[in-house]
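Participant: Sequence first, then the predicted structure:
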Amino acid sequence: MKQLLTLTPRPVALKRLLDALPTTTPAPEQVPTAQALGRVLAEDVTAPHPLPHFARSVVDGYAVRAQDTVGASESLPAYLAVVGELPMGQPPALAVGEGEAALIHTGGALPEGANAVVMVERTQEAGPDEIEVLKAVASGENVIPVGEDVQPGDLVLRAGHRLRAQGLGGLAALGVTEVNVTRQPRVAIISTGDELVPPEQTPGMNQVRDINSLTIAALIKANGGVPMRQEILPDDADALYEAAAKAWQAADVVIITAGSSVSVRDMTADVIQRLGEPGVLVHGVTIKPGKPTILAICGSKPVFGLPGNPVSAMNAARLFVAPVLWRLQGSEAPRQGIVHARMAENAVGATGRETFVSVRLEEREDGLWAMPNFGESNLIFTLVRGEGVVRIPVGATGLPKGAEVEVTLLT
């Protein structure tokens, strides 16, 4: 009789895996900033110049000397001569002297002599080329000074920062058109199973389409990796070892998804153990779905044995593969969005395991409710219908209807 799995708690399993990863600096590569969304910076970025690099108005109005508006009010306005208009996109071609003002637009550069802007709503025409200022302004009012956002030499983004849309905008504002980022880890995905056929093939009796290689590939892309899908393999130890050894040579990470039967699990663990030391670190985790998960380091490379059931495989990949991919890129996994809701139905936990329940969200008059998507771990649409996941901790028998819960949102 085969031995039962020795289950490891999820936090312990993840720490064991991360601690065993080599502490090497990820290899850098240079890419255009426009193509760097989601990439991780390999080096610090400092500001080459101030931002903004000229003092600019934040309103439509008149550039003035603040001292010329002292005491101005609606009952006792200050009168200023309008010396012209400041066109956008060109250096100011005029200066503002004592008792003068220049028409300026939002974002326009302050002319020489001016130190404040009066909002157009606080003025009115007094005659040809003259305005009344109905409210005094202080020096610097309605003006963004040079370097208000960043100063030359400021550290604007640190190595290990994952670039988001706003980060790309900041780099563009500083004229940084290329960045050094860490190389994306290449991840080989091997699906095994005598019953598997490619998605484009119509399955016969006792056959199913290969779901895992596609879903795991998408999760890898979302977490900064480069998926390398391999051909489907039968449940044969020699064929699996040969394919896994080739994948180990070509990739930075190897993932094997296999059936959940004890014999297949043992075969996968044996194959992984043959790939290199230290080998299998964890064989079985206290999670549902995903209990048969295998975590390993083989010759400095992470290797995963994921369950064959697609919901189990996705849950295990989210919990273990994703953080490893970010670590290999020199970064921490992005924080997942969380919302608070109430359970719309009872959800039962698994004895001795953390349970992850797929839920959809429904906004009602009395707040947000989490609707469980019940189903077995081989039913992919229990995840497709879900917007998030609710965790039932180890030791809890479940979550009653109406219980306040945290929902981890799935992107």
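Facilitator: Perfect, I can see it now.
Participant: now for the top strand by length along the chain, which elements pack on it?
Facilitator: Ranked by residue count under DSSP state E, the longest strand found in the chain is strand 354-364. When contacts are defined as 3 or more CB pairs under 8 Å, 6 or more residues apart in numbering; DSSP states H and E, strand 354-364 packs onto strand 287-288, strand 338-343, strand 347-348, strand 367-372, strand 388-392. All C-beta atoms are positioned from the backbone trio N, CA, C, and that covers glycine.
Participant: Geometric centre of the chain: which residue is closest?
Facilitator: By CA atoms, centre = their mean, the chain has its centre lying nearest to residue 334, at 4.9 Å.
Participant: Can you give me the neighbour number for the nearest residue to that residue once chain neighbours are set aside?
Facilitator: Of all residues not flanking residue 334 in the chain, residue 162 sits nearest, at 6.3 Å (CB to CB, 6 or more residues apart in numbering). Residue 162 has 20 neighbours, counted by other CB atoms under 10 Å.
Participant: Same check on residue 206?
Facilitator: By other CB under 10 Å, 7 other residues sit near residue 206.
Participant: I'd assumed it was in a strand, is it?
Facilitator: No. Judged by DSSP: H, G, I helix; E, B strand; the rest coil, residue 206 forms no part of a strand; its state is coil.
Participant: right, and residue 256 touches residue 268 too?
Facilitator: Yes. Residue 256 is within contact range of residue 268, at 5.5 Å (criterion: CB atoms under 8 Å).
Participant: if I look at the two, which residues touch both of them?
Facilitator: Residues within reach of residue 256 and of residue 268 at once, by CB atoms under 8 Å, 6 or more residues apart in numbering, are 192, 240, 305.
Participant: Out of the residues you listed, name the ones that lie in strands.
Facilitator: Using DSSP E, the subset of these located in strands is residue 305.
Participant: Show me which residues of the helix or strand hosting residue 101 are buried.
Facilitator: According to DSSP states H and E, residue 101 maps onto strand 100-104. Residues of strand 100-104 classed as buried: 100, 101, 102, 103, 104 (neighbour count, 16 or more other CB atoms under 10 Å).
Participant: Then stretch 54-64?
Facilitator: Buried residues in stretch 54-64 (16+ other CB under 10 Å): 55, 56, 57, 59, 60, 61, 62, 63, 64.
Participant: So the residue nearest to the centre of the chain belongs to a helix, correct?
Facilitator: No. Judged by three-state DSSP, residue 334 forms no part of a helix; its state is coil.
Participant: sorry, back to before: show me the contacts for the residue nearest to residue 334.
Facilitator: Here residue 162 is in contact with 38, 39, 40, 224, 326, 331, 334 (criterion: CB under 8 Å, 6+ apart).
Participant: returning to what we had before: of the buried residues of stretch 54-64, closest to residue 18?
Facilitator: Each of the buried residues of stretch 54-64 was checked against residue 18 using CB to CB; the closest is residue 56, at 46.7 Å.
Participant: Which segments of the chain make up each domain?
Facilitator: The record's domain split for the chain, according to automatic domain parsing, is 10-27+184-328, 29-50+155-182, 56-144, 338-409.
Participant: among the ones you listed, which is the most enclosed?
Facilitator: Mean neighbour count (mean count of other CB atoms under 10 Å) peaks for domain 10-27+184-328 among these, with a mean of 19.
Participant: State the three-state secondary structure for residue 266.
Facilitator: Three-state assignment for residue 266 (three-state DSSP): helix.
Participant: now the stretch 201-350 of the chain, which segments are flagged as low pLDDT?
Facilitator: 259-263, 265 (pLDDT under 70).
Participant: Name all residues that make contact with residue 411.
Facilitator: Neighbouring residues of residue 411 by CB under 8 Å, 6+ apart: residue 222.
Participant: Could you list everything the residue nearest to residue 204 when sequence neighbours are not counted pairs with in the sheet?
Facilitator: Nearest non-adjacent residue to residue 204, counting by CB to CB, 6+ apart: residue 197, 7.9 Å away. When assigned by DSSP bridges, residue 197 has beta-bridge partners residue 209.
Participant: so what pLDDT did residue 197 get?
Facilitator: Note on residue 197: pLDDT of 94.
Participant: try residue 178
Facilitator: 98.
Participant: For it, which residues are in contact?
Facilitator: Contacts for residue 178 were tallied using CB under 8 Å, 6+ apart; they are 30, 31, 32, 33.
Participant: JSON lines please, covering the buried residues of stretch 54-64 and showing distance to residue 356.
Facilitator: Output for those, formatted as JSON lines (distance: CB to CB, whole Å):
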{"residue": "55", "distance to residue 356": "54"}
{"residue": "56", "distance to residue 356": "50"}
{"residue": "57", "distance to residue 356": "53"}
{"residue": "59", "distance to residue 356": "51"}
{"residue": "60", "distance to residue 356": "54"}
{"residue": "61", "distance to residue 356": "56"}
{"residue": "62", "distance to residue 356": "61"}
{"residue": "63", "distance to residue 356": "60"}
{"residue": "64", "distance to residue 356": "62"}
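Participant: out of those, who's nearest residue 298?
Facilitator: Set against residue 298, the nearest of those by CB to CB is residue 56 (57.0 Å).
Participant: follow-up on the earlier one: please save the CA atoms from the strand holding residue 101 in CSV.
Facilitator: Only the C-alpha atoms of strand 100-104 are listed here, as CSV (Å, rounded to 0.1, in the frame of the first residue of the first chain):
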residue,chain,number,x,y,z
GLU,A,100,1.4,94.6,-15.3
ALA,A,101,-0.3,91.3,-16.0
ALA,A,102,-0.1,88.7,-18.8
LEU,A,103,-2.9,86.4,-19.8
ILE,A,104,-1.8,82.7,-19.1
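Participant: Renumber starting at 659 from here on
Facilitator: All set: I'll call the first residue 659, so the last point we hit is now strand 758-762.
Participant: Parallel or antiparallel, which strands does it pair with?
Facilitator: Partners of strand 758-762 in its sheet, by DSSP bridges: strand 719-722 (antiparallel), strand 736-743 (parallel).
Participant: how about the residue nearest to residue 862, what does it touch?
Facilitator: Residue 855 neighbours (CB under 8 Å, 6+ apart): 861, 862, 865, 866, 867, 868, 890.
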